[in-house]
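Enquirer: structure for the following, please:
(chains A and B)
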Amino acid sequence: MLKSRQGNSVETLFFVMIFVLTLLGGVELSRAYAIRHAMDSGTAIAARQLSLDPSAWSTAVSTVQSTVNANFLGGNYGSSVSVTALDSGGGTLSSAAVNALSFGTVFRVRSTLSLTVVSPMLGSFAKNLQVEHWSIIERYP
Amino acid sequence: MLRNNRGQELAVGFLAVMIFVLTAAGLADLTRLVVTRNFADRVAYEAALIGVSRGRDWNYAVSNGALRLTSATAQTEAQSAVASMMSQAGISTYTVDVRVLPDPTGGTITGFPPVASAAAFDSANWTSSRPAVGVYVVVPMTTYLFGMVNGGAAVDVHAFGAAEVHSRP
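Expert: Numbers count the residues shown, from 1 in each chain, chains lettered A, B, ... in the order given. I've put the predicted structure just below:
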């Protein structure tokens, strides 16, 4: 009888460990997904903003950051997001270079965030979230 | 009370572990499918936008007062954009089908996209009242759980994106 109770305790402990690990892992996964989704939407809008007005670099960056801050699980990660403009070949562009792009030029906007994921029993580790959107300069000339 | 239930417990434990593993595999598949579909949607839409932007026939606009697209240019530009985005994402196996409605009044292409659910509006006939570019992308993806059922064959993720020219007189 005593042996059986000990066995049950071990089973329960084992089950609770797996359950807690799964539950908190799920929460962390949801958080990362919500942030990535917000960053994706914000970057798409930023690329479209730059497409229409290539001089609006700070507005575009602010769009990404505020969209990330507004993700449905919260967290204020906006200020940690880094936004970069690239040419179609992958070369980095400064804000001045974006502003100097001519009509019809394809460019990319990339947002990156290093997110610390905390997992019980496994510790914490950094996960790099990155999204990228392509667009084309529509300002004429 | 004194019966030995160890065999039964083992069976229950094995069943629980199997359910847990299958659920995890199913969730992983679902997440990867959603992420791939989002990516394919984005590629299709952004390629269509690039195609429609680069394919505008300005000479026609100057002489006729309305915009139309140069089909070959719009198609090539959209295809090239898809190739760049896929290459950048490290995807080498995919299918792309670009169609162009070049006329100022647009038109209809029946049976496009070939899979109705590829488009957000879930239609097998693509219609536009303006010059437009439609991009249909298929990205094959291997799955864990479904792969056990279909012998590891890839599951196709379909996406469709379109962009049109809007000009004001």
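Enquirer: buried sites along the helix-or-strand element of chain B with minimal mean pLDDT?
Expert: Ranked by mean pLDDT, DSSP states H and E, the weakest helix or strand in chain B is helix B:145-149, scoring a mean of 80. Neighbour-count burial for helix B:145-149 flags B:145-147 (criterion: 16 or more other CB atoms under 10 Å in any protein chain shown). In short, each C-beta sits where N, CA and C put it, glycine included.
Enquirer: out of those residues, which comes closest to residue A:56?
Expert: Proximity of the buried residues of helix B:145-149 to residue A:56 (CB to CB) peaks at residue B:146, which lies at 44.3 Å.
Enquirer: check contacts around that closest one.
Expert: B:29, B:155 (CB atoms under 8 Å, 6 or more residues apart in numbering or on different chains).
Enquirer: for residue B:30, see how far away it is.
Expert: 10 Å (CB to CB, to the nearest Å).
Enquirer: got it, and residue A:75?
Expert: 24 Å.
Enquirer: so what's the residue nearest the centre of chain A up against?
Expert: For chain A, the residue nearest the mean C-alpha position is residue A:36 (3.3 Å; CA atoms, centre = their mean). When contacts are counted by CB under 8 Å, 6+ apart, residue A:36 is found next to A:129, A:131.
Enquirer: check which helix or strand it maps to.
Expert: helix A:2-52 (DSSP states H and E).
Enquirer: quick one: that helix to chain centroid distance?
Expert: From the chain centre to the centre of helix A:2-52 is a distance of 15 Å (CA atoms, centre = their mean, to the nearest Å).
Enquirer: after it, which helix or strand is next?
Expert: Toward the C-terminus, helix A:2-52 is succeeded by helix A:57-69 as the next helix or strand (DSSP H and E).
Enquirer: residues touching that following helix, excluding its own?
Expert: A:35, A:38-39, A:41-43, A:45-47, A:49-50, A:53, A:75-79, A:81, A:83, A:85, A:95, A:98-99, A:109, A:111, A:113.
Enquirer: between that helix and helix A:2-52, what angle do the directions make?
Expert: Between helix A:57-69 and helix A:2-52, the angle comes out at 160 degrees (axes from the mean of the first three to the mean of the last three CA atoms, to 10 degrees).
Enquirer: avg pLDDT for helix A:57-69?
Expert: For helix A:57-69, mean pLDDT rounds to 95.
Enquirer: now that helix: buried residues?
Expert: A:57, A:60-65, A:67-69.
Enquirer: for those residues, which one is nearest residue B:14?
Expert: Checking the buried residues of helix A:57-69 against residue B:14 by CB to CB gives residue A:68 as the nearest, at 43.7 Å.
Enquirer: just to revisit the earlier point, avg pLDDT for the helix holding residue A:36?
Expert: On average, helix A:2-52 scores 85.
Enquirer: could you do stretch B:57-75 as well?
Expert: For stretch B:57-75, mean pLDDT rounds to 93.
Enquirer: so, in contact with chain A or not, it?
Expert: No: figure legend: stretch B:57-75 not in contact with chain A (CB under 8 Å from any CB of the partner chain); closest approach 10.3 Å.
Enquirer: how close does residue A:119 get to residue A:31?
Expert: 12 Å.
Enquirer: mind checking which of the two has more residues around it?
Expert: residue A:31 (18 against 14; other CB atoms under 10 Å in any protein chain shown).
Enquirer: what sits up against stretch A:119-133?
Expert: Contacts of stretch A:119-133 (CB under 8 Å, 6+ apart): A:17, A:20-21, A:24-25, A:28, A:32, A:35-36, A:39-40, A:43-44, A:46-47, A:86, A:108-118, B:42, B:46, B:88.
Enquirer: quick one, which of these are buried?
Expert: A:28, A:32, A:35-36, A:39-40, A:43-44, A:46-47, A:86, A:108-111, A:113, A:115, B:42, B:46, B:88.
Enquirer: residue B:81 belongs to a helix?
Expert: Yes: counting by DSSP: H, G, I helix; E, B strand; the rest coil, residue B:81 is part of a helix.
Enquirer: number of nearby residues for it?
Expert: With other CB under 10 Å as criterion, residue B:81 counts 26.
Enquirer: same check, this time on residue B:131
Expert: 30.
Enquirer: again, but for residue A:87
Expert: So residue A:87, with other CB under 10 Å, has 15 neighbours.
Enquirer: contacts only, for it.
Expert: Per CB under 8 Å, 6+ apart, neighbours of residue A:87: A:93, A:105-108.
Enquirer: who wins for neighbours among those?
Expert: Scoring these on neighbours with other CB under 10 Å, the highest-scoring entry is residue A:108 at 23 neighbours.
Enquirer: verify the contact between that one and residue A:86 for me.
Expert: Yes: counting by CB atoms under 8 Å, residue A:108 does reach residue A:86; the two are 4.3 Å apart.
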